[in-house]
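Peer 1: any chance you could fold what I've pasted below:
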Amino acid sequence: MNHWIFAGSSIRPKYIRIINVLNDYICSSSNVTLEQLKGKSRKRNIVQARQLCMYMLNRNTRMTSAEIAGIYNKDRTTALHSVKCIKNDMLHDSDLMNYTIELKRELAYYRNRSKFNR
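Peer 2: Numbering: from 1, shown residues only. As a prediction, the model looks like this:
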């Protein structure tokens, strides 16, 4: 697991592990690097992976749009737009819907696992 959010950042500590797990999972399944997620590329596969990360963080944490956007060097309106896009895409793409369900299970596993490892 490549950790790129550290305890010294402004992100609340309870979310650091979730962010790292989510980014690693999406990067490995999308063939996108962490640097590309944080970069300025507008290639479809990179944008979709970034939007999915922002959507999952919005739905599975209590982070603000500004906090989520800051992780990826974006503006808070970009995070809001990402949530809107993924919601809309899931209405028409059952594979994306299934993928988000799988991601949610993966995050729940790590969230529950971390409760016992304290």
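Peer 1: what segments of this protein are strands?
Peer 2: In the chain, no strands are found when defined by DSSP state E.
Peer 1: got the contact list for the helix ranked longest in the chain?
Peer 2: What stands out as the longest helix in the chain, according to DSSP state H, is helix 94-116. Helix 94-116 has contacts (CB atoms under 8 Å, 6 or more residues apart in numbering) with 17-18, 21-22, 25-26, 29, 52, 55-56, 59-60, 86, 89-90. Where you see a C-beta, it was placed from the backbone N, CA and C, and this is true even at glycine.
Peer 1: list the buried residues for it?
Peer 2: For helix 94-116, the neighbour count (16 or more other CB atoms under 10 Å) marks 96, 99-100, 103, 106-107 as buried.
Peer 1: dump these to CSV, plus pLDDT and distance to Thr77.
Peer 2: What follows is the buried residues of helix 94-116, written out as CSV (pLDDT from 0 to 100; distance: CB to CB, whole Å):
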residue, pLDDT, distance to Thr77
Leu96, 96, 22
Tyr99, 95, 25
Thr100, 95, 22
Leu103, 93, 23
Glu106, 87, 28
Leu107, 86, 25
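Peer 1: so what touches stretch 56-65?
Peer 2: 11-12, 15, 18-19, 22, 26, 68, 71, 76-77, 79-80, 82-83, 100, 103-104, 107.
Peer 1: so which residue is dead centre in this protein?
Peer 2: The centroid of the chain falls nearest to Cys53 when counting by CA atoms, centre = their mean (2.2 Å).
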